[in-house]
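**Student:** quick one, structure for this:
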Amino acid sequence: MRKGERASLAVSLMLAAALLVGCDATSAPLERIEAPLPGVRSDAVRLVPDEVRYRFPGVVRARERAAPAFLHDGVLRERHVVRGQRVEEGEPLAMLHNPAMAPALAAAEARVRELDASLSRLGRDVERARTLRERNLSSEEALDRLRSERGALAQAREQALARRDEARAQLEELTLRAPFAAEVTDLDAEPGDFVAAGQPILHLAGVAEREVAIRVPANLAVRLEPGQAASVAPTFGAQRIAGEVVHVGRAGETLAPVIIALPAESAPALGEPVRVQFEIAGPPVRRVPLAAVVDPSGSAPYVLALNEDDRVRRTPVTPGRLAGGWVSVNGEGLAPGDRVVTAGQGRLEAGMRVRVLP
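**Tutor:** The predicted structure follows:
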């Protein structure tokens, strides 16, 4: 066989082998490779009691307050205290000069002494008349007359004693005394000033207890009651103090006064501005992790919930209040205990099946 014929035969054999290989590849079954399920993390929807927080501004003040005043007119003779001074109960604060008080007491005391002397003399007369009557040297009418005079004089003495005590009390009232342990917060009159009856001389703030007075809307006032807890924090500080509602007033047109008592050992200083916070329990709400809400600040927020077969369903929600990383949501199709996707939402679509990671 010639060289050209051998080359042509070799090419023919190669083409036949290529055709056989192509037929085998076409007839062999194709192996299908399935993609792995996307992994996600989930958490359950919770049904928890809702707590709404209300905050109101206030100022710390003393639980006991007073503006002492004299019961009579006069000139302020002395003032024994200054602003910011601490005084104890019964300590003298100021003295008033009234020229009519001392003479009135002296006259009342003189009248009592006069009646005492008259009663003593009349008592001796009664004893003498009784002795004469026993000896039948005097009439019964004379003895009865002396006894009547003694009784009338005794009554007059009782009235004189009452007037003397009144004059003494009035003279004692010319000295103004502290009704309780307190701090002098303000002064309204100076020595030498004429003061009218009932005019405040100074202002006192008790040192024993503190409180905060606020005003709240009427719809909140009906939900507050004495003994309820309140949290009080200074406006310019992080400290929180446990307070207690001690009084809830009647609401006017819109606001009601509420007083919160503070413990004396940890209360802020008088006049310090504070914030009063109430936590009022509300009806239970559904909560989900904030990470489960897709586009929470957008126009159509939603969560991806998982069915029993781990398939995804899209559920629109309306986010509410955020607390501790959990947000309250409103929306149909979401029940307590349902699983919501908290991580891996970016590549999911409704109806997809997922693998829940531990």
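**Student:** chain center to stretch 125-145, what's the gap?
**Tutor:** Relative to its chain's centre, stretch 125-145 lies at 79 Å (Cα atoms, centre = their mean, to the nearest Å).
**Student:** end to end, how far does that stretch reach?
**Tutor:** Stretch 125-145 has an end-to-end distance of 11 Å (Cα to Cα, to the nearest Å).
**Student:** in it, what counts as buried?
**Tutor:** Buried residues in stretch 125-145, counting neighbours by 16 or more other Cβ atoms under 10 Å, are found at V126, A129, S138, L143. C-beta: built from backbone N, CA, C; applies to glycine.
**Student:** ok, stretch 310-326 next?
**Tutor:** For stretch 310-326, the neighbour count (16+ other Cβ under 10 Å) marks V312, T315, V317, P319, W326 as buried.
**Student:** of these, which is the nearest to A350?
**Tutor:** Within those, the smallest distance to A350 is 5.8 Å, found for V312 (Cβ to Cβ).
**Student:** okay, stretch 278-294 in PDB with CA atoms only?
**Tutor:** Provided in PDB are the C-alpha atoms of stretch 278-294 (Å, rounded to 0.1, in the frame of the first residue of the first chain):
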ATOM      1  CA  PHE A 278     -44.000  56.700  85.300                       C
ATOM      2  CA  GLU A 279     -44.300  53.200  83.700                       C
ATOM      3  CA  ILE A 280     -47.900  52.400  83.100                       C
ATOM      4  CA  ALA A 281     -48.900  48.800  82.200                       C
ATOM      5  CA  GLY A 282     -51.000  48.400  79.000                       C
ATOM      6  CA  PRO A 283     -52.600  45.600  77.100                       C
ATOM      7  CA  PRO A 284     -50.200  42.800  75.800                       C
ATOM      8  CA  VAL A 285     -48.500  43.500  72.500                       C
ATOM      9  CA  ARG A 286     -46.600  41.400  70.000                       C
ATOM     10  CA  ARG A 287     -42.800  42.000  69.900                       C
ATOM     11  CA  VAL A 288     -40.200  40.900  67.400                       C
ATOM     12  CA  PRO A 289     -36.400  41.600  67.300                       C
ATOM     13  CA  LEU A 290     -35.700  44.900  65.600                       C
ATOM     14  CA  ALA A 291     -33.400  42.900  63.200                       C
ATOM     15  CA  ALA A 292     -36.400  41.000  61.900                       C
ATOM     16  CA  VAL A 293     -38.100  44.100  60.500                       C
ATOM     17  CA  VAL A 294     -37.100  44.900  57.000                       C
END
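**Student:** what are the buried residues along it?
**Tutor:** Buried residues in stretch 278-294, counted by 16+ other Cβ under 10 Å: F278, V285, R286, R287, V288, P289, A291, A292, V293, V294.
**Student:** and the first one, what element?
**Tutor:** Here F278 is covered by strand 273-289, with elements defined by DSSP states H and E.
**Student:** give the other helices and strands that that strand contacts.
**Tutor:** strand 46-62, strand 210-217, strand 229-234, strand 326-330, strand 339-343 (3 or more Cβ pairs under 8 Å, 6 or more residues apart in numbering; DSSP states H and E).
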